[in-house]
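# Model the structure of this input:
(one chain, ligands or ions: 2)
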Amino acid sequence: MSLGGADDPGAPTVLHGLGVGRGVVVAPLAVLRPAHQAPADEPPADDAEAAAQQVVEAFAQVAAALSDQAARATGALAEVLTATAAIAGDAAVAAEAARRVRAGTGPATAVTEAVEGFVAMFTAAGGYLAERVTDLRSVRDRVVARLLGVPEPGLGALSVPSVVAGVDLAPADTAALDLAFVVGLVTEEGGPTGHTAIIAGQLGLPCLVRTPGITAVPDGTVVALDAAAGQVLVDPPADVRARLQQRADAERELARDTAPGATADGHRIDLLANIGTAADADRAAATPVAGSGLFRTEVLFLGRQTAPTLAEQTEVYGSVLRAFGDRKVVVRTLDAGADKPLAFATQADEENPALGVRGYRLVRTLPDLLGTQLAALGAVAAGLDEADRDHLWVMAPMVATPAEARDFATRARAAGITRVGVMVEVPAAALRAREILAEVDFVSLGTNDLAQYTMATDRLRGELADLLDPWQPAVLDLVAATARAGVDLGKPVGVCGESAADPLMALVLTGLGITSLSMSPAAVPAARYAVRRHTLAQCRAIADAALAAGSAPEARAAALALTASEVRTTLTLG
Ligand SMILES: C=C(OP(=O)(O)O)C(=O)O
Ligand SMILES: [Mg+2]
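Ligands and ions are numbered 1, 2, ... in the order given. Just a heads-up that it's a prediction; the model follows:
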């Protein structure tokens, strides 16, 4: 598709980013407003007493507005808003800011300094209070906005389906999105396997991360977000909109195919959904997937001050299992730490949390967290009849050694789980996949973390996306070694990282002997289509070509060269 260039004054502006998934959507943009800072040289107020009163009132107004929003919200969002309202209504913070105003500091600066004082105190106190620092800063930004007479940060109420854009989306921003009106996400920062990307995948929203310039596009401008092409067209002309709409329609057509995942010659590869909540399970179970290959249970724990109770966990896990009926569900035990911090499970003093006590390692410091979770899953298993019990698969994240795999298997089996596995997402586990598989019934490759740890590249930092690429030969080698161990031992090896959602990679993985691919439900139709148009022998040839390449772009190009031309065209693979 030609989009014109500098010599074509009618061409739309094109912004480039990293596409998450392959979706396309045309809709007006809704830009998250950034927070305004206090002016660097803010003068003292002329009437310090009146200004101090204004500051106290601004805190009260923010508290009232947040309580009002909390009353209209539900679930985790209501909890977040209530906690933030309580901080805004805390007299001590407002009083400290007012004291500074009376002492001659400019009002917005006084609020900023007062809040920073409390931030330092909360951080030093650790635990629950440290977790409230984000709320404190959010209150600061709202109060400062009122004092400066500018709009509060965040998103106004949406009234039409919109593509939401921001510098980045914090978990609280995502929780606050009104999903009835959000049809796409674009961020300036963030990485392809970070928080925003995963949420977008789960919700089936077309998404682009690392897209510089998107927040400068005026609110309300119509944009065409094309995740497969990694670009946003600003105010595209009618013919371009029509072409993209055609593509969206073609993707919907692919989604009508409900055949089980298999190659053209009938070699079975299960296509599964990644989920994080019971609502995700309901949505995914309504699509033709063979089950869930990754239920990220930490979503139930995020943003809370204490772990959910045994009864609550039993209820949620039970409803996820019920949603999928006789299809399998791979439940992953709590993966807290690093990019998924929890108030009650994250060590405050870790300098490198990605290398710290995260994932399964938490069993060393907080064994009860896993104990309660396994007890809840055991209770769900006990309530199933024998045939259905086999559909409950349970795996631990961030396992590095066969001893850890054995330890987890012992605990899970004691709790009554019959299908026990671990994730392979650190190179140590991939290199020792054979020994690890000897301890458990299955493994699942988490290629997001495997790429992060193999390439020593923070998965949240998109500027190193070329290194984080799952097509990197070193990452492919580790995936191939793990798959080979599974084939030799006759045990299932799945892939549940974002790379499973790339239809070209799906061919490579099938050729390597991977037995299931788990991805956002929106990505399944393209993977199904690609796999169904190749034989197992062709997939093996594609895998061999990718493995023989010397770099990530060469590996992708080598795989593409052997891919059926109709698949290349229909999926616009390049
Ligand atoms: C599936 C994975 O787990 P998460 O993205 O939740 O860390 C992975 O690391 O690839
Ligand atoms: Mg992981």
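# which bits of this structure sit near ligand 2?
425, 446, 449 (C-beta under 5 Å from the ion). Placement of C-beta: from N, CA and C, glycine included.
# Phi and psi next, for the closest residue to residue 98 other than its chain neighbours.
The shortest distance from residue 98 to any non-neighbouring residue, by C-beta to C-beta, 6 or more residues apart in numbering, is to residue 52 (4.0 Å). Dihedral angles of residue 52 (phi, psi; degrees, to the nearest 10) stand at phi -60, psi -40.
# who touches residue 52 in this structure?
98, 99, 101, 102 (C-beta atoms under 8 Å, 6 or more residues apart in numbering).
# Buried members of the residues of the chain next to ligand 2 into ChimeraX, please.
Selection of the buried residues among those in ChimeraX, burial being defined by 16 or more other C-beta atoms under 10 Å:
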select :425,446,449
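# which of the residues of the chain next to ligand 2 come close to ligand 1?
By C-beta under 6 Å from any ligand atom, the members of the residues of the chain next to ligand 2 lying near ligand 1 are 425, 446, 449.
# Tell me the one among the residues you listed nearest to residue 321.
The closest of these to residue 321 turns out to be residue 446 (C-beta to C-beta; 21.9 Å).
# I'd guessed that closest one sits against residue 399; true?
No - if you go by C-beta atoms under 8 Å, residue 446 and residue 399 don't touch, sitting 10.2 Å apart.
# what do the two both touch?
Contacts common to residue 446 and residue 399, judged by C-beta under 8 Å, 6+ apart, are 423, 424.
# ok, back up a step: take the ones next to ligand 1 among the residues of the chain next to ligand 2 and keep only those in helices.
Among those, DSSP state H puts residue 449 in helices.
# circling back: show me which of the contacts of residue 52 are buried.
98, 101.
# Could you tell me how many residues sit around residue 442?
Look at residue 442: counted by other C-beta atoms under 10 Å, it has 19 neighbours.
# same deal with residue 251?
The burial count for residue 251: 19, using other C-beta under 10 Å.
# Enumerate the positions of the strand or helix carrying residue 65 that are buried.
Assigned by DSSP states H and E, residue 65 belongs to helix 48-72. Neighbour-count burial for helix 48-72 flags 48, 51-52, 54-55, 58-59, 62-63, 65-67, 69-70 (criterion: 16+ other C-beta under 10 Å).
# Now those in a markdown table, please, with extra columns for pLDDT.
A markdown table is the format used below for the buried residues of helix 48-72 (pLDDT from 0 to 100):
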| residue | pLDDT |
| --- | --- |
| 48 | 95 |
| 51 | 96 |
| 52 | 97 |
| 54 | 96 |
| 55 | 97 |
| 58 | 96 |
| 59 | 95 |
| 62 | 93 |
| 63 | 93 |
| 65 | 88 |
| 66 | 86 |
| 67 | 88 |
| 69 | 78 |
| 70 | 77 |
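# How much space separates the residue nearest to residue 510 when sequence neighbours are not counted from residue 285?
Leaving out its chain neighbours, the residue that sits closest to residue 510 by C-beta to C-beta, 6+ apart is residue 539, at 4.3 Å. Distance of residue 539 to residue 285, given as C-beta to C-beta, to the nearest Å: 28 Å.
# So for the two, which sits in the more crowded spot?
residue 539 (29 against 20).
# Mind pulling up the pLDDT for that one?
Looking at residue 539, its pLDDT is 98.
# With residue 172 instead?
Reported pLDDT for residue 172: 56.
# repeat for residue 77
60.
# now do the one 4 residues further on
pLDDT recorded at residue 81 is 75.
# low-scoring stretches of the stretch 201-350 of the chain, by residue?
Flagging of the stretch 201-350 of the chain using pLDDT under 70 yields the residue ranges 202.
# how about stretch 357-369, does it reach ligand 1?
No - Stretch 357-369 stays clear of ligand 1 (C-beta under 6 Å from any ligand atom), getting no nearer than 8.2 Å.
# residues near the residue of the stretch 1-150 of the chain found nearest ligand 2, how many?
Here the residue of the stretch 1-150 of the chain nearest ligand 2 is residue 20; by C-beta to the ion that distance is 16.1 Å. By other C-beta under 10 Å, the residues close to residue 20 number 30.
# In the protein, where's the longest strand?
Ranked by residue count, the top strand of the chain under DSSP state E comes out as strand 24-31.
# thinking again about what came up before, how about the residue nearest to residue 510, what does it touch?
263, 267, 507, 508, 510, 511, 531.
# Which secondary structure element is home to it?
Applying DSSP H and E, one finds residue 539 within helix 536-548.
# next helix or strand past that helix?
helix 552-561.
# buried stuff in that next one?
552, 555, 556, 558, 559, 560.
# do stretch 438-456 as well
For stretch 438-456, by 16+ other C-beta under 10 Å, it's 439-455.
# and the end-to-end length of it?
28 Å (C-alpha to C-alpha, to the nearest Å).
# Number the residues from 15 up from this point.
From this message on, residue numbering opens at 15, which makes the last subject stretch 452-470.
# Report the distance from it to the chain centre.
Relative to the centre of its chain, stretch 452-470 is centred 17 Å away, using C-alpha atoms, centre = their mean, to the nearest Å.
# Stretch 439-454 now?
That offset, for stretch 439-454, works out to 25 Å (C-alpha atoms, centre = their mean).
# for that stretch, which positions count as buried?
Those would be 439, 440, 441, 443, 444, 446, 447, 450, 451, 453, 454, for stretch 439-454 by 16+ other C-beta under 10 Å.
# between these, which is closest to ligand 2?
Of these, the one sitting nearest to ligand 2 (C-beta to the ion) turns out to be residue 439, at 4.7 Å.
# for the contacts of residue 553, which one is nearest ligand 2?
residue 522 (20.0 Å).
# tell me the contacts of the closest one?
490, 553, 556, 557, 560, 573.
# Residues of the stretch 215-364 of the chain that sit close to ligand 1?
When proximity is defined as C-beta under 6 Å from any ligand atom, the stretch 215-364 of the chain approaches ligand 1 at 308, 310, 349.
# typo on my end, it should be the chain
308, 310, 349, 439, 460, 461, 462, 463, 510, 511.
# How is this protein divided into domains?
Domain ranges of the chain: 27-44+172-264, 62-162, 271-585, per the TED database.
# picking that back up, for the helix holding residue 553, the distance to its chain's centre please.
30 Å.
# Flag every buried residue along that helix.
Per 16+ other C-beta under 10 Å, helix 550-562 contains these buried residues: 550, 552, 553, 554, 555, 556, 557, 558, 559, 560, 561.
# now the helices for the stretch 465-588 of the chain?
479-482, 487-503, 517-526, 538-546, 550-562, 566-575, 579-584 (DSSP state H, counting those that start in this stretch).
# quick one, which of these is nearest to residue 382?
The nearest among the helices of the stretch 465-588 of the chain, by C-beta to C-beta, is helix 487-503 at 31.1 Å.
# Could you check the angle that closest one makes with helix 517-526?
40 degrees (axes from the mean of the first three to the mean of the last three C-alpha atoms, to 10 degrees).
# quick one: the residue in the stretch 15-164 of the chain positioned nearest to ligand 1 from residue 370, how far?
Across the stretch 15-164 of the chain, no residue is closer to ligand 1 than residue 34, which sits at 12.5 Å (C-beta to the nearest ligand atom). Separation of residue 34 from residue 370 (C-beta to C-beta): 27 Å.
# just residue 322 next, same as before
Taking C-beta to C-beta, one finds residue 322 at 23 Å from residue 370.
# likewise residue 425?
21 Å.
# Residue 426 contacts residue 408, correct?
Yes - when contacts are counted by C-beta under 8 Å, residue 426 is listed as touching residue 408 (5.4 Å).
# what residues are shared contacts of the two?
388, 391, 434.
# What is the nearest of the residues you listed to ligand 2?
Nearest member of these to ligand 2, counting by C-beta to the ion, is residue 434, at 18.1 Å.
# Residues in a beta bridge with the closest one, which ones?
As for beta bridges, residue 434 partners with residue 408 under DSSP bridges.
# right, and it touches residue 426 too?
Yes - with contact defined as C-beta under 8 Å, residue 434 reaches residue 426; the gap is 4.5 Å.
# related to what we said a few turns ago, contacts for the longest strand of the chain next, please.
169-170, 172, 174-180, 197-198, 200, 220, 228-229, 231-242, 250, 255, 258-259, 261-262, 265.
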